[in-house]
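Q: Sequence plus predicted model, see below.
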Amino acid sequence: MKIYRIHALICAGAQCIAAGGNGFEDALKDELKKHELLKEVNIIETGCMGSCQLGPLMAVYPEGVIYTKLKPEDAKEIVEEHFLKGRAVKRLMWKEKETVLPSLSEIPFFAKQTKIVLRNCGIINPEDINEYIAQGGYEALGKALTEMTREDVIQVVKDSGLRGRGGAGFPTGKKWQLAYEQDSPIKYIVCNADEGDPGAYMNRSVLEGDPHSVLEGMTIAGYAIGAQKGFIYVRAEYPLAVKRLEIAIKQAKQAGLLGKNILGTNFSFDIELRIGAGAFVCGEETALINSIEGKRGEPRKKPPFPVQKGVFGFPTVINNVETLANIPVIIEKGAKFFRSFGTEKSPGTKVFALAGKVNITGLVEVPLGTPLRTIIYDIGGGIPEGHSFKAAQTGGPSGGVIPSQYIDVPMDYESLTSLGAIMGSGGLIVMDETSCMVDVAKFFLKFTVDESCGKCTPCREGTRQMLNILERITSGKGQMEDLELLEKLGNTIKLASLCGLGQTAPNPVLTTLRYFRDEYIAHIKDKKCPSNVCKLSSEVKNERKVFNRSSS
Amino acid sequence: MDKIKSIEDLRKLREQAKAFLRTRQGEVKVKIYISMGTVGIAAGSRDVLLAILDELQKRNFTDVQIIERGSMGLDVEEPVVGVDRDGVVVYYGHVAPEMARQIVASHVINGQIISDWVIAKE
């Protein structure tokens, strides 16, 4: 293999590409050609590095320098100064409070994270299986197939305490055990990559940055439960993830790590991609099964659960992308290693998509149980422009808000549930005092109203009625009785809906009512929006909205 | 790519692939410093750098990082090459491309310092 003295890792996650990363890469290659450096500098497109707000990003090794917000015209300076003469371009390096931080390990955003799921994202080339193998990839699969029985594999996953990262937190080992016990000649593994929460993109980043980790996790799961085939259900809105998955599957097949007689054993497993058309409800497992079968994406009644009767009526394990990416680490390093992170009931790490009013937005992986304050202030760099923290929304439209008095809450499944929020897939939207909580609740409810599949009445009609009430309140026509009605409706919808979408849809309204009731009352009684966001009577509207803050 | 037929094959492949990624990780056996100040470049350190890279490639030695540095102040000795191996940094002065190849072969890879050319130790 060829030796290069410099490895330039350009982030080719969707965000960095959207921010103009391609233009920079082309300019960089032109400059390298001009200075005859192409043979010395290895340019690698990687997956997401995490700090998406500062993209396009490039990390340069061996120094470990990271450049931010790159433009094509910066390429000349980087090549002439850094690549040719070894002088890193300070102007473009990561800065914090006007101090230039020389390398990745000194930047708090990276240094304070614990990367298990994102272990390879931004470090390896996702389109080259050799780089995944170099990082220890497929070792876990080899270990499972040659040194462990199917029961051993399930036991290790059970011992690790890994819980589903898609939202509900069901123990993964238990799910596998249930599927393993089913007496059926055909079984399936499904990877749920239908990530739909607004602002959440950790699954996409794993698929784009480290697709082989998901393939390896699925193959191990297939071996454990006795499945011969797996489906990855990924949304059509993730074209880059689809492309990299296709490349990864092809390479794994060529290498004999997928397909017939994997690694010379008599275990065979195949993976097929299924592209979803972008309906939020298809992230719900039974609707997802319908969609894979080519039917309309509507949820089914449970029981029978998918582990009993799933895809095409056969026992099916459905795991989230992040859950599966954890599996190779658990198998290779053992349950004890995994349990050394996180809490007793919530071991391991979780990736959060930090968004909203925080200085550094992006993907953050921390041990479960890490206080919210650490994520927002130590890693995210705090609230911009001197504003103060008001609340954080976890779990997207299915979750709830955490008010400022609970900023020290440990981020684990139980603690969040006790506050009325949920872990969800890991969306974390930070709000400051310029965000109106009624408006936030309305935003999320509008999303679920749009995405309700319409199969069951509580969700279809109930959420619509709740939205009508919120619209009334935010336009100054609300009445005090509306608050009780909202709570009553919300609780009924939670109880009576068929699937997870409806069962969680009222959460944003119910939690804001619980913690920010005074804001609702101000809208109704004083006809005033305390944060000056909602258009009530003749007030001037606040320009600084929740989700479209200018990039300055 | 050939099919990987056993876990031993997989491990062999990993060792090969790992060497290639070493530039991205902090831990390497040898670090080579090349002085790339204006004087260094004028004295020909660029050709020295290319010779080192070529020699490493020829000998397939990957446990190394090549780091460009500014001038040490010893302009009269340029091009200056430093080799950080076994806890000692040794500097060579007036390095020509052919000398650089020998430094790679004897010091970088085999740990034999070429004392005739040494100007300083650290």
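A: Yes, it's here. Computed from a predicted model, the values in this text were never measured in an experiment. Numbering: from 1, shown residues only, chains lettered A, B, ... in the order given.
Q: So what does the residue of chain B at minimum distance from chain A have for phi and psi?
A: Proximity to chain A, evaluated over chain B using CB to the nearest CB, is greatest for B:Glu68 at 2.4 Å. All C-beta spots, glycine's among them, are computed from the backbone N, C-alpha and C. In terms of degrees, to the nearest 10, the main-chain angles of B:Glu68 are phi -90, psi 140.
Q: Quickly list what it is bridged to.
A: Judged by DSSP bridges, the bridge partners of B:Glu68 are B:Ile34.
Q: Centre-most residue in the chain?
A: All of this refers to chain A. A:Met202 (2.2 Å; CA atoms, centre = their mean).
Q: Chain B was what I was after
A: Among the residues of chain B, B:Ile32 comes closest to the average C-alpha position under CA atoms, centre = their mean, at 4.0 Å.
Q: Please, which helix or strand holds that one?
A: In the assignment (DSSP states H and E), B:Ile32 maps to strand B:30-35.
Q: Show the model's pLDDT score for B:Lys31.
A: Note on B:Lys31: pLDDT of 90.
Q: ok, the residue nearest to it when sequence neighbours are not counted - how many residues close by?
A: Distances taken as CB to CB, 6 or more residues apart in numbering or on different chains put B:Asp84 closest to B:Lys31, at 4.0 Å, once the chain neighbours are dropped. B:Asp84 is flanked by 19 other residues according to other CB atoms under 10 Å in any protein chain shown.
Q: what mean pLDDT would you report for the host helix or strand of B:Asp84?
A: Per DSSP H and E, B:Asp84 falls inside strand B:81-85. Mean pLDDT, strand B:81-85: 92.
Q: Residue in the stretch 1-150 of chain A with the shortest distance to chain B?
A: At 2.4 Å from chain B, A:Gly86 is the closest residue in the stretch 1-150 of chain A, using CB to the nearest CB.
Q: got a list of what that residue touches?
A: B:34, B:36, B:67-70 (CB atoms under 8 Å, 6 or more residues apart in numbering or on different chains).
Q: Go again with 7 Å.
A: B:36, B:67-69 (CB atoms under 7 Å, 6 or more residues apart in numbering or on different chains).
Q: For these, give me TSV that also has pLDDT.
A: As requested, the contacts of A:Gly86 are exported to TSV (pLDDT from 0 to 100):
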residue	pLDDT
B:Met36	87
B:Ile67	89
B:Glu68	88
B:Arg69	85
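Q: Give me the neighbour count for A:Lys97.
A: Look at A:Lys97: counted by other CB under 10 Å, it has 5 neighbours.
Q: picking that back up, where does the residue nearest to the residue of the stretch 1-150 of chain A closest to chain B when sequence neighbours are not counted sit relative to A:Lys71, distance-wise?
A: Among residues not flanking A:Gly86 along the chain, B:Glu68 sits closest, at 2.4 Å (CB to CB, 6+ apart). Computed as CB to CB, to the nearest Å, the B:Glu68 to A:Lys71 distance reads 24 Å.
Q: Also A:Tyr188?
A: 47 Å.
Q: higher neighbour count, the two?
A: Neighbours were counted for A:Tyr188 and for A:Lys71 using other CB under 10 Å; A:Tyr188 has more, 24 against 13.
Q: pLDDT value on the more buried one, please?
A: What the model reports for A:Tyr188 is a pLDDT of 97.
Q: partners of it in the sheet?
A: When bridges are called by DSSP bridges, A:Tyr188 pairs up with A:Lys229, A:Thr316.
Q: swap in the one 4 residues further on?
A: Per DSSP bridges, the residues bridged to A:Asn192 are A:Tyr233, A:Asn320.
Q: residues near it, how many?
A: Other residues close to A:Asn192 by other CB under 10 Å number 27.
Q: now A:Arg339
A: 17.
Q: ok, back up a step: elements contacting the strand holding B:Asp84?
A: Under the contact definition 3 or more CB pairs under 7 Å, 6 or more residues apart in numbering or on different chains; DSSP states H and E, strand B:81-85 sits against strand B:30-35, strand B:88-92, helix B:97-103.
Q: a markdown table please, covering the ones you listed and showing distance to A:Phe314.
A: Putting the helices and strands packed on strand B:81-85 into a markdown table (distance: least, CB to CB, whole Å) gives the following:
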| stretch | distance to A:Phe314 |
| --- | --- |
| strand B:30-35 | 56 |
| strand B:88-92 | 64 |
| helix B:97-103 | 64 |
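Q: quick one on the thing from earlier: the residue of chain B closest to chain A contacts B:Met36, doesn't it?
A: Yes: at 4.3 Å, B:Glu68 counts as touching B:Met36 under the criterion of CB atoms under 7 Å.
Q: shared neighbours of the two, anything?
A: Residues touching both B:Glu68 and B:Met36 by CB under 7 Å, 6+ apart: A:85-86.
Q: so what's the residue nearest to the centre of chain B closest to, chain neighbours aside?
A: The spatially closest residue to B:Ile32, leaving aside those adjacent along the chain, is B:Ile66, at 5.0 Å (CB to CB, 6+ apart).
Q: gap between the two ends of stretch B:47-66?
A: Terminal residues of stretch B:47-66 are spaced 14 Å apart (CA to CA, to the nearest Å).
Q: got the residues of chain B near chain A?
A: Applying CB under 7 Å from any CB of the partner chain, one finds that chain B approaches chain A through B:1, B:3-7, B:10, B:13-14, B:17-18, B:20-21, B:23-24, B:36, B:41, B:53, B:56-57, B:62, B:65-70.
Q: so of the residues you listed, which ones are in helices?
A: Judged by DSSP state H, the residues of chain B next to chain A include B:7, B:10, B:13-14, B:17-18, B:20, B:41, B:53, B:56-57 as members of helices.
Q: which of the residues you listed are buried?
A: Taking 16 or more other CB atoms under 10 Å in any protein chain shown as the criterion, what is buried in these is B:7, B:10, B:13-14, B:17-18, B:20, B:41, B:53, B:56.
Q: Run through the residues that contact residue 19.
A: In the absence of a named chain, this looks at chain A. Residues near A:Ala19 by CB under 7 Å, 6+ apart: A:55-56.
Q: That was the other one, I meant chain B.
A: By CB under 7 Å, 6+ apart, the contact list for B:Ala19 reads B:Thr62.
Q: starting at the chain centroid, how far to stretch A:57-69?
A: Mean-position distance between stretch A:57-69 and its chain equals 24 Å (CA atoms, centre = their mean, to the nearest Å).
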